[in-house]
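**Student:** Generate a structure from the sequence data that follows.
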Amino acid sequence: LKSLRPWQGSSPGGHISPMPRGAATSSTCTAIGLCALVSFVPGATAGMKECAFLRQEKTYATTYGCERSCADIDGQSRCWLIYKPPKLKVGGPLVIDLHSMYSCPEEMLEYSGWREMAEAHSFVAVWPEATVGPEWIGASENISSWNAGSCCRSASSNSVDDVGFLRRVVGEVANDTATAIDLKRVYVVGHSLGGAMALKMALVASDLVAAAVCHSMHVVSEPASGYSPVPVLQLFGTLDVPGLVTKLGFDFKTFNLFKEYDKCKETEPKMTTFNEAGVYKTSVYVDCAAGSEVEFVELPGVGHFPYKGKETMIDTTQIAWDFVSRFPKRPTEVNNGARIAPHGLHAVFAIVFLLSFLAHLGARGL
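**Tutor:** Residues are numbered from 1 along each chain as shown. Below you'll find the model as predicted:
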């Protein structure tokens, strides 16, 4: 299918060529600067046309076996794709995979690897869809974006309640008796601006999110009051868009902030180099509050798409799954009243039935 898309360039994967290294104006970016940089990542220009094509072809159903669901959120129809593996284990984890700016769930399915991971480990995966709006005031072209905080584009400027939307998605999936997910194991992951949105979910929905993963982006939001530590993994390629990665190496802003947020005690992180289908380096704080961990993965020679089959042979989705799957929420951390109420009615019905049954036995003198 990809060869039929005339708007795509000649670089691998059909995406436009990346910016030359050194093209960024600054190695430390403001939120506005980050937005501008994200706009120039490989594939940004073709993204919305790609999404329209994939949606028309319904590849999410025909190729990937996903279903499409929608709900009314604040008067607007918000949709998501969901994959339920054939051998799904009821009561298993839920992974929410968030696409980048200029992209969509259908495109994310093609490269993130989470659909295949869901099938291999028998859990439910969903791909929510960001809102679409003008790239800037007066622009004729609409793009997709998340309200991840101080960045980026229309979702942020219009104060779209994406946190409320994602909570609603979790509630809808949890209320489905065919999935009945484990609310102690809700993991949010994402790429680029979707990764920033995953980090925001960790910071403002820590009652819900058990762990979060961000590919190729930084945190652009602040923790909510009452934040409880959430394990976070961040992955970056050393050839990512200049400005997202500094000329002197990495901007460890997110890594260091979550060290502070999660009250990690170590002075320096533990650093390890691996060579599995390619070299990568990890830095991790493990002595953090509430059993949390904060990890950074450096991928030498990799650009803005650090996924297996895109710009690396390292299975970063497997690395992400190995990380998040170690962290269920502790029972005291799960807030069932956080606009989810997934099994509340089921529990009430069960209690009523039990009391009725006991009363019936008492009436019969049993």
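
**Student:** residue boundaries of the helices in the chain?
**Tutor:** Using DSSP state H, the helices of the chain run over residues 31-39, 47-57, 59-62, 105-111, 114-121, 153-157, 162-175, 193-204, 253-261, 316-324, 344-363.

**Student:** What helices and strands are in contact with the shortest one?
**Tutor:** Applying 3 or more Cβ pairs under 8 Å, 6 or more residues apart in numbering; DSSP states H and E, one finds that helix 59-62 contacts strand 67-73, helix 105-111. Every C-beta, even on glycine, is put in place using the N, C-alpha and C of the backbone.

**Student:** Apply 10 Å and report the result again.
**Tutor:** strand 67-73, strand 76-83, helix 105-111 (3 or more Cβ pairs under 10 Å, 6 or more residues apart in numbering; DSSP states H and E).

**Student:** swap in the fourth one?
**Tutor:** In this structure, helix 105-111 makes packing contacts with helix 47-57, helix 59-62, strand 76-83, strand 94-98, helix 114-121, strand 124-128, strand 186-191, judged by 3+ Cβ pairs under 10 Å, 6+ apart.

**Student:** List the buried residues of it.
**Tutor:** The neighbour-count check on helix 105-111 (16 or more other Cβ atoms under 10 Å) flags 105, 106, 107, 108, 109, 110, 111 as buried.

**Student:** what does the average pLDDT come to for that helix?
**Tutor:** Mean per-residue pLDDT for helix 105-111: 95.

**Student:** Show me how far that helix is from its chain's centre.
**Tutor:** Its chain's C-alpha centre and that of helix 105-111 lie 13 Å apart, by Cα atoms, centre = their mean, to the nearest Å.

**Student:** Where does pLDDT dip in the stretch 51-200 of the chain?
**Tutor:** Along the stretch 51-200 of the chain, the parts satisfying pLDDT under 70 run over 135-140, 153.

**Student:** rerun at 80
**Tutor:** For the stretch 51-200 of the chain, residues meeting the criterion pLDDT under 80 lie at 134-141, 151-153, 157.

**Student:** thinking again about what came up before, take the helices and strands packed on helix 105-111 and write them to JSON lines, including distance to residue 154 and mean neighbour count.
**Tutor:** Formatted as JSON lines, these follow (distance: least, Cβ to Cβ, whole Å; neighbours: other Cβ atoms under 10 Å):
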{"stretch": "helix 47-57", "distance to residue 154": "13", "mean neighbour count": "17"}
{"stretch": "helix 59-62", "distance to residue 154": "24", "mean neighbour count": "16"}
{"stretch": "strand 76-83", "distance to residue 154": "13", "mean neighbour count": "19"}
{"stretch": "strand 94-98", "distance to residue 154": "16", "mean neighbour count": "28"}
{"stretch": "helix 114-121", "distance to residue 154": "26", "mean neighbour count": "20"}
{"stretch": "strand 124-128", "distance to residue 154": "16", "mean neighbour count": "27"}
{"stretch": "strand 186-191", "distance to residue 154": "18", "mean neighbour count": "29"}
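
**Student:** Can you add distance to residue 232 and give those back as CSV?
**Tutor:** Output for these, formatted as CSV (distance: least, Cβ to Cβ, whole Å):
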stretch, distance to residue 232
helix 47-57, 26
helix 59-62, 28
strand 76-83, 23
strand 94-98, 14
helix 114-121, 17
strand 124-128, 19
strand 186-191, 10
